[in-house]
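Colleague: show me how the following folds:
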Amino acid sequence: EARRAFAGHVLGSADGRTLYTTEMDLDSGTGLIGVRDVATLQKRAEWPTHGIDPHQLMWDRSSTETGKLIVANGGVPTQPETGRVKRKLERMDSSVVRLDARTGDLNGQWRLDDRRLSLRHLAWGEASGQPVLGIALQAEHDDPNVKANAPVLALFDGRSLRSIPLPQAMSGYGGDIAALDGRFAVSCPRASSVALFDATGVCLGHLPLPEAGALTSVAERLW
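Modeller: The predicted model follows:
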């Protein structure tokens, strides 16, 4: 019997009938999207995310076609029953994928040049009237100095994916991300800060905040 584990995020359909969940096959490590009935939570379908360690998923705002999902494959080999102990980081394979929400078909896949950066949390912003996806990064480098100075933000415009360099070290750990007024905020709990960027990737500084964690924007405020 197939063994599954949830991977932390869920997304509802516009008509309120379907839930999409990120999941993992515990035997192979394969990332999956579970397609579930809202009323019963029974699984209707199951699709591969074309990677491992899937995390957040969102509706795609960058595509001219509706009904597309964007999924972040964190790419870190783990096993939930061992407390998410990270294994064989040299095999990391993080990516962003676009999936058809009706069929699960793969419509695109993008990777960063630095394979030790894990793509995890997502937030849609806007630059020059065009949607841009901000992605919080978590560094998994062996060298402590490289890890400490690693970027915490990547941007995806629907066609290309790039990481954003930092003017100062943020311990290489982006915990969460939110968008507000043409800016991105990335929480950096290991640096006790929230890093701020404009939607093109220019760093606007940081706000000191001990143990900064989950972020969201509500009613024109960042929480």
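
Colleague: got any ranges where the chain has weak pLDDT?
Modeller: For the chain, applying pLDDT under 70 flags the ranges 1, 79-87.

Colleague: kindly recompute the last result at 80.
Modeller: 1, 63-65, 78-90 (pLDDT under 80).

Colleague: would you map the helices across it?
Modeller: Using DSSP state H, the helices of the chain run over 144-148.

Colleague: got the contact list for the residue nearest to Gly75 when sequence neighbours are not counted?
Modeller: Once flanking residues are discounted, Gly75 sits nearest to Ser94: 3.1 Å by C-beta to C-beta, 6 or more residues apart in numbering. Where you see a C-beta, it was placed from the backbone N, CA and C, and this is true even at glycine. When the contact criterion is C-beta atoms under 8 Å, 6 or more residues apart in numbering, the partners of Ser94 are 51, 53, 72-76, 111-112, 115, 117-119.

Colleague: redo that, cut-off 6 Å
Modeller: By C-beta atoms under 6 Å, 6 or more residues apart in numbering, the contact list for Ser94 reads 73-75, 118-119.

Colleague: so which of these is the closest to Trp47?
Modeller: Minimum distance to Trp47 across the contacts of Ser94 is 12.8 Å, recorded for Asn73 (C-beta to C-beta).

Colleague: what's near enough to touch Leu133?
Modeller: Per C-beta under 6 Å, 6+ apart, neighbours of Leu133: 124, 156.

Colleague: quick check: bridge partners of it?
Modeller: Trp124, Phe156 (DSSP bridges).

Colleague: mind starting the numbering at 20 from now?
Modeller: With 20 as the first residue, the last one maps to Leu152.

Colleague: how much space between it and Ala146?
Modeller: According to C-beta to C-beta, to the nearest Å, Leu152 and Ala146 sit 11 Å apart.

Colleague: ditto for Gly193
Modeller: For Gly193, the distance to Ala146 - C-beta to C-beta - is 19 Å.

Colleague: for Ala120, same thing?
Modeller: On the measure of C-beta to C-beta, Ala120 and Ala146 end up 25 Å apart.

Colleague: just checking, Lys107 touches Pro96?
Modeller: Yes. Using C-beta atoms under 6 Å, Lys107 makes contact with Pro96 at a distance of 5.1 Å.

Colleague: who's more crowded, those two?
Modeller: Pro96 (17 against 9; other C-beta atoms under 10 Å).

Colleague: ramachandran coordinates for that one?
Modeller: phi -70, psi 120 (degrees, to the nearest 10).

Colleague: quick check: it touching Glu109?
Modeller: No. In this structure Pro96 lies outside contact range of Glu109 using C-beta under 6 Å: 9.5 Å.

Colleague: what's the neighbour count on Asp163?
Modeller: Careful, residue 163 is Pro and not Asp. 9.

Colleague: give the contact list for Leu76.
Modeller: Residues near Leu76 by C-beta under 6 Å, 6+ apart: 28, 30, 41, 88, 90.

Colleague: ok, what's across the strand from the second one?
Modeller: By that I understand Leu30. Beta-bridge pairing for Leu30 (DSSP bridges): Tyr39.
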